[in-house]
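Asker: model this:
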Amino acid sequence: MQRYEQSGIIWGTQLNTALDEKTCPICECLDNEIVQLKEYFKITYKNKQYQTIHPPLHIYCRCRVVPITFIQAKKMGLYNEKDNDN
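Answerer: Coordinates of the predicted model:
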């Protein structure tokens, strides 16, 4: 994550999981979730709150984090240059 911040071109990250019969409910609910750098992926499981910056979320976790650039975030409507947090 530190290298993402240092690059100056990464706005945030997207969590991707392998969706199949082995996917757990925790990972399934977070698939394609996007957060800004330094923000946490928030998880609610069995009425408990958890948060993490990146996988693994548990033992045998197959999730991964993919970087989202400022350009991609702008195209997705997540980033506005007027709200530059950089």
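Asker: And the residue most central in space within the chain, what's its pLDDT?
Answerer: In the chain, the residue lying closest to the centroid (C-alpha atoms, centre = their mean) is residue 14, at 3.6 Å. Listed pLDDT for residue 14 reads 96.
Asker: Tell me who's in contact with it.
Answerer: Neighbouring residues of residue 14 by C-beta atoms under 8 Å, 6 or more residues apart in numbering: 32-34, 65-68. The C-beta positions use only the backbone N, C-alpha and C, and glycine is treated the same way.
Asker: can you map out the strands along the chain?
Answerer: Assigned by DSSP state E, the chain shows strands spanning 10-16, 33-36, 41-45, 48-52, 64-69.
Asker: Just the buried residues of the shortest one, please?
Answerer: For strand 33-36, the neighbour count (16 or more other C-beta atoms under 10 Å) marks 34-35 as buried.
Asker: quick one on the thing from earlier: among the contacts of residue 14, which one lies nearest to residue 10?
Answerer: Nearest to residue 10 among these is residue 67, at 4.7 Å by C-beta to C-beta.
Asker: Which residue, other than its chain neighbours, is closest to that closest one?
Answerer: residue 10 (4.7 Å; C-beta to C-beta, 6 or more residues apart in numbering).
Asker: is it true that residue 67 touches residue 5?
Answerer: No - proximity of residue 67 to residue 5 does not meet the contact threshold set by C-beta atoms under 8 Å, at 10.7 Å.
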